[in-house]
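> missing the sequence, but the structure's below:
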């Protein structure tokens, strides 16, 4: 079971690291003026949209802009905290893993719904997002399993009630 836990920790830490870096450097270019970013970052952002046929990034509709604002306001700080919690082995990282995983799954359902419903998506774009959805499921499972393990550990160390002897 130790290997599975370590693998889940690694997957969730990688997801958190990716989101902690990508949200302010790349995702935010959808909602913030491009003049705030260095030319190489803007170039990578444009290349990404063209290479993967990501029409939502190239010409973002209002709902996508709203999702990016939520990314910046909610997911980014949660992922930073989650990464720290996993690396420092903090018990509260189970809760941040659940929060990040549920948010990413919700985000992905909106994105997948749009991409599959519009008929404008490419197989390459779907293949890009599937690992994020799987990592989000792993984050939720990691959080629930960690909470369950902590509850079991607390229960096993709880003092037992003694019977009064008369």
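Yep, that arrived. A quick note: this is a predicted structure, and the numbers were derived from the prediction, not measured.
> switch to C-alpha atoms for all contacts and neighbour counts from now on
Will do.
> Tell me the buried residues in the helix or strand hosting residue 4?
Per DSSP states H and E, residue 4 falls inside helix 2-25. For helix 2-25, a neighbour-count test (16 or more other CA atoms under 10 Å) marks 8, 9, 11, 12, 13, 15, 16, 17, 19, 20, 23 as buried.
> How about stretch 125-133?
125, 126, 132, 133.
> So what's the model's average confidence on that stretch?
Average pLDDT, stretch 125-133: 93.
> Taking the buried residues of stretch 125-133, tell me the two that lie furthest apart.
125 and 133 (12.9 Å; CA to CA).
> Now do residue 89, the pLDDT please.
93.
> follow-up on the earlier one: greatest separation within the buried residues of helix 2-25: which pair is it?
8 and 23 (22.0 Å).
> okay but residue 54 is in contact with residue 123, surely?
No. Between residue 54 and residue 123 there is no contact under CA atoms under 8 Å: 10.9 Å.
> Looking only at neighbour counts, state which of those two leads.
It is residue 54, of residue 54 and residue 123, that has more neighbours when counted by other CA atoms under 10 Å, with 21 against 9.
> Excluding covalently adjacent residues, which one is nearest to that one?
residue 125 (6.7 Å; CA to CA, 6 or more residues apart in numbering).
> can you pull out the strands in the chain?
With DSSP state E, there are no strands along the chain.
> Return, as residue ranges, the portions of it with sub-threshold pLDDT.
Applying pLDDT under 70 to the chain flags residues 1, 147-166.
> tell me the helices in it, going along the chain?
2-25, 39-52, 55-58, 62-70, 76-87, 93-118, 123-157 (DSSP state H).
> gap between the second one and the chain center?
Between the mean C-alpha point of helix 39-52 and the mean C-alpha point of its chain there is a distance of 22 Å (CA atoms, centre = their mean, to the nearest Å).
> Identify all contacting residues around that helix.
Identification of contacts with helix 39-52 by CA atoms under 8 Å, 6 or more residues apart in numbering yields 25, 26, 29, 34, 54, 55, 57, 58, 122, 124, 125.
> what do you get for the third one?
Applying CA under 8 Å, 6+ apart, the contact partners of helix 55-58 are 30, 46, 49, 50, 64, 120, 121.
> one step back: which residues touch the helix holding residue 4?
Here helix 2-25 has contacts from 37, 41, 71-72, 75-77, 79-80, 82-83, 86-87, 97, 132, 135-136, 138-139, 142, using CA under 8 Å, 6+ apart.
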